[in-house]
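Q: My questions concern the predicted model and sequence given below.
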Amino acid sequence: MSVMDTLNRLCKWRAHFAGWMLGTRAKDDPQSQAVRDLFERTILLRAEYTAVLKILLDKGICTPEEFDAALETEAEALMRMYEQRWPGIKATDDGLVYDAAEIQRAGWMRNWLP
(Lines give C-alpha, C1' and ligand atoms only; values in the text may rest on other atoms or scores of the structure.)
Protein backbone atom coordinates (compact mmCIF):
# COMPACT_ATOMS: atom_id res chain seq x y z
CA MET A 1 0.00 0.00 0.00
CA SER A 2 1.30 3.50 -0.84
CA VAL A 3 1.28 6.63 1.31
CA MET A 4 -1.40 8.10 -0.98
CA ASP A 5 -3.60 5.03 -0.45
CA THR A 6 -3.22 5.38 3.31
CA LEU A 7 -3.94 9.13 3.23
CA ASN A 8 -6.97 8.61 1.00
CA ARG A 9 -8.29 6.02 3.46
CA LEU A 10 -7.61 8.35 6.42
CA CYS A 11 -9.50 11.19 4.72
CA LYS A 12 -12.65 9.07 4.46
CA TRP A 13 -13.28 10.37 7.98
CA ARG A 14 -14.14 13.77 6.46
CA ALA A 15 -17.65 12.56 5.61
CA HIS A 16 -18.26 11.41 9.17
CA PHE A 17 -17.13 14.76 10.60
CA ALA A 18 -19.24 16.70 8.07
CA GLY A 19 -22.28 14.64 9.05
CA TRP A 20 -21.52 15.23 12.71
CA MET A 21 -21.41 18.97 12.09
CA LEU A 22 -24.25 19.41 9.58
CA GLY A 23 -26.39 16.29 9.82
CA THR A 24 -27.05 14.00 6.89
CA ARG A 25 -26.62 15.82 3.58
CA ALA A 26 -26.42 14.85 -0.07
CA LYS A 27 -22.89 14.48 -1.41
CA ASP A 28 -23.41 17.42 -3.79
CA ASP A 29 -24.70 19.78 -1.05
CA PRO A 30 -22.45 22.88 -1.19
CA GLN A 31 -22.22 23.31 2.59
CA SER A 32 -21.38 19.65 3.05
CA GLN A 33 -18.73 19.85 0.33
CA ALA A 34 -17.16 22.87 2.02
CA VAL A 35 -17.12 21.18 5.44
CA ARG A 36 -15.73 17.93 4.00
CA ASP A 37 -12.97 19.90 2.26
CA LEU A 38 -12.14 21.75 5.47
CA PHE A 39 -12.00 18.53 7.49
CA GLU A 40 -9.84 16.87 4.84
CA ARG A 41 -7.30 19.68 5.12
CA THR A 42 -7.39 19.48 8.91
CA ILE A 43 -6.92 15.71 8.90
CA LEU A 44 -3.99 15.91 6.46
CA LEU A 45 -2.33 18.75 8.37
CA ARG A 46 -2.57 16.76 11.59
CA ALA A 47 -0.95 13.70 10.01
CA GLU A 48 1.79 15.73 8.28
CA TYR A 49 2.54 17.82 11.36
CA THR A 50 2.80 14.76 13.60
CA ALA A 51 5.11 13.04 11.11
CA VAL A 52 7.46 16.05 10.91
CA LEU A 53 7.54 16.43 14.69
CA LYS A 54 8.33 12.72 15.13
CA ILE A 55 11.26 13.01 12.71
CA LEU A 56 12.62 16.10 14.51
CA LEU A 57 12.37 14.43 17.91
CA ASP A 58 13.74 11.07 16.74
CA LYS A 59 16.76 12.76 15.12
CA GLY A 60 17.41 14.82 18.24
CA ILE A 61 16.97 18.11 16.41
CA CYS A 62 14.82 19.34 19.26
CA THR A 63 13.73 18.03 22.64
CA PRO A 64 10.13 17.63 23.78
CA GLU A 65 10.71 20.49 26.22
CA GLU A 66 12.01 22.80 23.48
CA PHE A 67 9.03 21.92 21.33
CA ASP A 68 6.59 22.59 24.19
CA ALA A 69 8.18 25.99 24.85
CA ALA A 70 8.04 26.95 21.16
CA LEU A 71 4.45 25.71 20.88
CA GLU A 72 3.40 27.78 23.91
CA THR A 73 5.04 30.88 22.42
CA GLU A 74 3.35 30.36 19.06
CA ALA A 75 -0.05 29.67 20.66
CA GLU A 76 0.19 32.89 22.68
CA ALA A 77 1.14 34.86 19.56
CA LEU A 78 -1.76 33.37 17.60
CA MET A 79 -4.21 34.23 20.39
CA ARG A 80 -2.97 37.85 20.33
CA MET A 81 -3.38 37.91 16.55
CA TYR A 82 -6.98 36.66 16.87
CA GLU A 83 -7.71 39.26 19.55
CA GLN A 84 -6.43 42.01 17.24
CA ARG A 85 -8.41 40.67 14.29
CA TRP A 86 -11.62 40.32 16.33
CA PRO A 87 -11.59 43.07 18.98
CA GLY A 88 -13.83 42.28 21.92
CA ILE A 89 -13.08 38.56 22.13
CA LYS A 90 -10.56 37.00 24.48
CA ALA A 91 -9.78 33.34 25.12
CA THR A 92 -9.75 32.22 28.75
CA ASP A 93 -9.33 28.85 30.41
CA ASP A 94 -13.14 28.63 30.58
CA GLY A 95 -13.83 29.55 26.95
CA LEU A 96 -14.20 32.68 24.86
CA VAL A 97 -15.30 35.91 26.53
CA TYR A 98 -17.25 38.33 24.33
CA ASP A 99 -17.38 42.06 25.13
CA ALA A 100 -20.54 43.10 23.28
CA ALA A 101 -19.82 46.84 23.54
CA GLU A 102 -16.29 46.45 22.12
CA ILE A 103 -17.54 44.17 19.33
CA GLN A 104 -20.21 46.71 18.40
CA ARG A 105 -17.65 49.56 18.41
CA ALA A 106 -15.27 47.54 16.22
CA GLY A 107 -18.14 46.72 13.82
CA TRP A 108 -16.69 43.48 12.51
CA MET A 109 -19.84 41.48 13.27
CA ARG A 110 -22.21 43.91 11.55
CA ASN A 111 -22.78 41.81 8.40
CA TRP A 112 -22.81 38.38 9.99
CA LEU A 113 -25.81 36.17 9.33
CA PRO A 114 -28.32 35.95 12.20
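A: Received, thanks.
Q: for the lengthiest helix in the chain, packing partners?
A: Using DSSP state H to define each element, the chain has its longest helix at helix 30-58. On a contact count with 3 or more C-beta pairs under 8 Å, 6 or more residues apart in numbering; DSSP states H and E, helix 30-58 meets helix 3-10, helix 13-22, helix 64-85. C-betas here are computed from N, CA, C, even on glycine.
Q: between that helix and helix 3-10, how big is the angle?
A: Orientation of helix 30-58 against helix 3-10 (axes from the mean of the first three to the mean of the last three C-alpha atoms, to 10 degrees) gives an angle of 130 degrees.
Q: Now do the buried residues in helix 30-58.
A: 32, 35-36, 39-40, 43 (16 or more other C-beta atoms under 10 Å).
Q: Could you check the angle it makes with helix 13-22?
A: Using the same axes, to 10 degrees: helix 30-58 against helix 13-22 is 120 degrees.
Q: Please shift the residue numbers so they start at 236 in all later answers.
A: Sure thing, new numbering starts at 236, so read that last one as helix 265-293.
Q: what is the rounded mean pLDDT of helix 265-293?
A: Per-residue pLDDT over helix 265-293 has a mean of 97.
Q: What of stretch 339-349?
A: Per-residue scores along stretch 339-349 average to 91.
Q: residues in contact with that stretch?
A: The set of residues external to stretch 339-349 that reach it, using C-beta atoms under 8 Å, 6 or more residues apart in numbering, is 321-323, 338.
Q: Pull out the buried residues from those residues.
A: The buried subset of the contacts of stretch 339-349 - by 16+ other C-beta under 10 Å - is 321, 323, 338.
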